[in-house]
Every structure is written in C-alpha cells, then in structure tokens.
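> Attaching a predicted model along with its sequence, questions to come.
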Amino acid sequence: MAVMEENITRIHIDDKEYILIGTAHVSKQSAEQVKEVIENEQPDSVCVELDEQRYQSIKDGDRWKNTDIFEVIKNKKATLLLVNLAISSFQRKMAQQFGIQAGQEMIQGMDSAEKTGAELVLADRNIQITFSRIWGNIGFIGKGKLLLSIFYGIFSNDKISEEELEKMKSQDMLDGMLQDLTDNFPALKKPLIDERDQYLAQKIRKAPGEKVVAVLGAAHVPGIKEEIHKEHDLKQLTQRPPKSKLPKIIGWSIPFLILSIILYTFWANPAAGTQQTISWVLWNGSFSAIGAAAALAHPLAVVTAFVLAPITSLNPLIAAGWFAGIVQAYFRRPNVADFETLSDDVTSVKGFWNNKVTRILLVVVLANIGSSLGTFIGGADVIRLFIENL
C-alpha cells in the first residue's frame, strides 16, 4: 500500500515501511524536507541516490587535485570526463542561482543518517555503467543529439524560478518530463530511468531495518513505487552491454579502402595518386588542426593535430586528439589552482576555455571531431579523384 504526502510516498510491504522523498537536486526545500523527515522518523536505514564513486567525490572535496590528466587521455576518458563536467555544469549553475550546493539533499541525507544513527545505503547504480548502457543503446544519431542537448546546458543562460523547480516534483510535471525524454531519446529512458528505478527499488527493499527512508530524485519515485514490489537481478542490471563488432569492422574497412584506392591509383597514375595523397593530408590535417585551434590549443598542439591526423585516421586504435592533448598538457600543464577552481569554471563557456584542465579535454575532443570530419571529406575526395582517373 502506498500513501502520498507532499513529495513523500509511504509504502508498506510485509512488516517494513519505506518512506520515499522525491527531491529536486538543487532545491532548498528538498534539503530541508530531507532533514525534517529523517529526524522525525528515526529510520533504521537511509538510502541515497548515490553510487560509491559519487559518494567518494562528495566525501573527498580535493579529488580533482589528484587527477593525472595524462592518464585521463591515455585511458581514452577525455570525452567521458568532459561530458560529466558538462552535466555537472548545468546543475551547478542552477544551484548557484538558488544559493545552495548541488546535490545538497543527498549530503543532508548522509549527515542526517549519521546524526540519527541510521545505516547509510548507497542505492544507485555505478554512473559509468549507466553511461555505458546509455551510450551503447542510442546509436550514432542519438549520441550526437544527446551531446548537443548536454552542451546546450552550458551555453544556455535560461533562468528557472524556484517555484518552477518545485513543480518538477509534482506528479503531472514529472509525467510530462518523462514523456519529453521518451519522445526525444526513446532509447535513453530505459537505461537512465527504468533500469535505475529497478536497481534503486531493489537496494531500497533490501535495506536493513523495519523503517527505511530513501532520498531520491523526483523522476524516480513513480517507477520505484511500482518496482519495489518485485524482485530484480542486480547482477544483470550492472552488466555492461556487449560491444558491437560493427564499429570495429567499419573502423578498419574505411582506412583499408582509402589506402587501397590511393595505392592502386599510384600504380595506375602516379600523378593522380600524389594528388589523392595531398588531398587526404590537407583535409584530415586541416580539420583536426582547426578543431584544436578552436579549443585555443598551444601552437605545437595544433601542429601535432595537423601532422598526425592523416596518419591516425588510417588506424582506428589511435586518434590525433590524444596526441594533441598530450602536447597541450605538456606545455600548458594544469596546476593545483586549475583543479581547485574547476567546479566553478565549468559553469560558463569562458571558464571551459580558460581552465587548463577543460581546455586540454576540449583539445582532445575537438581535434578528434575535426579529424573525423576530415576523414569523411578527404575520403570522398580520394574516391572522386579515383573515379575521375579510371
């Protein structure tokens, strides 16, 4: 049985009571309500919508100081880190607008659990697994749309009133939000909302004690109300999707095709082969260099992108942006101050370009995007020259 109160849902299953608090992640009222409910209810357990990684990030405020930017590039995590910063940028801007800390309701849940002696349960799925399952399910066009919508949050100066923010916790507004999400990104709702509802519901249901308080984003409450009555396999929900062989096949087929065409043309018509090679080098190198320059890269990083893009485009295992990023990090190595101001800098476009950490990430990502564009355009030109010289 579920009983609804203001942003609170009470569910009774057998001899256990579950109290779900639907919050907005940047709302003063949400944090205050979390404190009030936990202190009044004195639960045995408090579940928060955090995984171990995000929990440690909250506990260790100096984590950025220990980041090795070279390791980030080497492990191919520059894009993931940049996307994470873009997402946090949107929340942090709203939090600054209302004068509170982003995720304060989760921090309040942690503090109140400690104060009341309740056991703290980290109930959310690992964020990297969620991203992995999202990324593997939305296709190439979906990836582009998702990235554009995320980065729109950085460039947008739209303001939202706290009254509008509080409305996000109402059932009608919530249904509308989920409908918009489904319409724009049909494959996104399952890993981002539905699967996490199941994971959260299972963790909440198995939390120790007879009374459990769960601090949740409002978007998850309707789903958890349904899923908490069922058993869910956490192992299955934490499996990373199998990698498709198609991208690897395409990734090797295109370079093989381009290289074969150029070599054949050299054999049949050396002058045309030379023209193809020059076209390939200029298109690849120029677009990658433009991408690096757009990130305000060090001149030698721009040169690195230009020189290596025509080569790396023929090998899917390496990318010009990685090398450009390493050169950028070598000549513009971030200092402690860059990591200390990172959270504030990512709230503005200017900050993304000014901070040495995010500028390196931008160099990597934009140089790689430029190289990809150069590959398609340069490859098309190679094929054009091949056809003209048959």
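Received, thanks.
> pLDDT below threshold where in the stretch 251-390 of the chain?
336, 340, 343, 347, 390 (pLDDT under 70).
> That should have said the stretch 51-200 of the chain, apologies.
Short version for the stretch 51-200 of the chain, where the test is pLDDT under 70: 60-68, 76, 79-80, 83-102, 135-188.
> if you set the cut-off to 80 instead, what comes out?
54, 57-103, 127-128, 130-193 (pLDDT under 80).
> Please enumerate the strands of the stretch 201-350 of the chain.
Using DSSP state E, counting those that start in this stretch, the strands found in the stretch 201-350 of the chain span residues 211-217.
> Please give the per-domain residue ranges for the protein, including any split domains.
2-237, 246-388 (automatic domain parsing).
> ok, the nearest residue to Ala309 once chain neighbours are set aside - how many residues close by?
Excluding the flanking residues, the one nearest Ala309 by Cβ to Cβ, 6 or more residues apart in numbering is Ser288, at 3.5 Å. Using the backbone N, CA and C atoms, a C-beta is placed for each residue, glycine as well. By other Cβ atoms under 10 Å, 34 other residues sit near Ser288.
> looking at the domains of the chain, which is buried most?
domain 246-388 (a mean of 19; mean count of other Cβ atoms under 10 Å).
> chain center to it, what's the gap?
22 Å (Cα atoms, centre = their mean, to the nearest Å).
> swap in stretch 245-259?
27 Å.
> which other residues reach that stretch?
280, 313-316, 375, 378-379, 382 (Cβ atoms under 8 Å, 6 or more residues apart in numbering).
> any chance of those residues in a markdown table, with distance to Leu366 too?
Formatted as a markdown table, those follow (distance: Cβ to Cβ, whole Å):
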| residue | distance to Leu366 |
| --- | --- |
| Trp280 | 20 |
| Ser313 | 15 |
| Leu314 | 20 |
| Asn315 | 20 |
| Pro316 | 19 |
| Thr375 | 15 |
| Gly378 | 18 |
| Gly379 | 20 |
| Val382 | 24 |
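> nearest to Trp322, of those?
Comparing these against Trp322 with Cβ to Cβ places Asn315 closest, at 11.7 Å.
> Give the helix, strand or coil label for Leu120.
strand (DSSP: H, G, I helix; E, B strand; the rest coil).
> Could you pull up the residues touching the closest residue to it other than its chain neighbours?
Excluding its sequence neighbours, the residue lying closest to Leu120 (Cβ to Cβ, 6+ apart) is Ala113, at 4.5 Å. With contacts defined as Cβ under 8 Å, 6+ apart, Ala113 is in contact with 38, 45-46, 48, 119-120.
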